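>>> Compute the structure for the input listed below.
(one chain, ligands or ions: 1)
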Amino acid sequence: MKNTYYHQLLENNKNWVKKKIESNPTYFEELSKGQKPPVLWIGCADSRVPANQITGTLPGEIFVHRNIANMVVHTDMNMLSVLDYAVNHLKVKHVIVCGHYGCGGVQAAMQNKSLGLINKWVRNIKEVYKENQTELNKITSEEKRFDRLVELNVMAQVYDLAKTSIIQQSWVDNSGLEIHGWVYGLENGIIKDLKVSMDSTAHLDAIFTLNLEKST
Ligand code: CO
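Residues are numbered from 1 along each chain as shown. Okay, the predicted model is just below:
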């Protein structure tokens, strides 16, 4: 078989293992004992937004869930399983929703073009647009409107996290858990903190507040 990009990936892996062991002979032995990441990352699947690299963190530090447009969909068993495991078993201290400017998923939601299955996935972003259309429609530059929708979408996902029983139970139990919303800039590599962080003192709309007992 001829040498392809695919084979190169396996070669890269061998080299990476070699380098890791050279700098720390017990690196893999230590990491294989278990994980205690302080952070759950809910990010976009976009290949240009790798959680560890852009935050200067190492394997073992961030538990990661990624999907198109960093969505928190309350019926998504995949996201909910990750959230439950991260909050209740790994006991992460921070859940970060990280979107990014230039997000193709958000752009798809801004269009009227029919894109098949992706229409269903980005439907919730259209709802975010509708909820904020007064603000968004005032922005004449399409690029700036796109940027703002990326931010508003992250904010909505943070709020949707707060609506989950998993996050609310954690707050009732005084875990100290915080949830945050960030946006990454593809053009400059800088992360913008949207300052929408919430903790157990957060006030949700009454209709979303669940009556939960402190767990024993
Ligand atoms: Co994206």
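>>> And the residue positioned nearest the centre of the chain, what's its pLDDT?
Within the chain, the residue whose C-alpha comes closest to the C-alpha centroid is residue 42; the distance, by C-alpha atoms, centre = their mean, is 1.7 Å. Each residue has a pLDDT score; the one for residue 42 is 98.
>>> who's in contact with residue 199?
Residues in contact with residue 199, defined by C-beta atoms under 8 Å, 6 or more residues apart in numbering, are 171, 176-179. Placement of C-beta: from N, CA and C, glycine included.
>>> In terms of secondary structure, what does the helix or strand of the chain with the lowest mean pLDDT contact?
The least trusted helix or strand in the chain, going by mean pLDDT, DSSP states H and E, turns out to be helix 117-121, with a mean of 90. Judged by 3 or more C-beta pairs under 8 Å, 6 or more residues apart in numbering; DSSP states H and E, helix 117-121 is in contact with helix 104-110.
>>> Residue 70: what secondary structure?
Following DSSP: H, G, I helix; E, B strand; the rest coil, residue 70 is assigned to coil.
>>> May I have the phi/psi pair for it?
Dihedral pair for residue 70: phi 40, psi 60, per degrees, to the nearest 10.
>>> And for the one 4 residues further on?
Dihedral pair for residue 74: phi -70, psi -10, per degrees, to the nearest 10.
>>> From the contacts of residue 199, pick the one nearest residue 207.
Sorting the contacts of residue 199 by how near they are to residue 207, with C-beta to C-beta, puts residue 171 at the top with 17.0 Å.
>>> Tell me the secondary structure at the closest one.
Local secondary structure at residue 171 is given as helix here, using three-state DSSP.
>>> any idea how far residue 215 is from it?
As for residue 171, its distance to residue 215 is 12 Å (criterion: C-beta to C-beta, to the nearest Å).
>>> Kindly report the same for residue 19.
With the distance defined as C-beta to C-beta, residue 19 ends up 44 Å from residue 215.
>>> Give the closest residue to residue 76 in space, chain neighbours not counted.
What sits nearest to residue 76 in space, not counting adjacent residues and going by C-beta to C-beta, 6 or more residues apart in numbering, is residue 67, at 7.7 Å.
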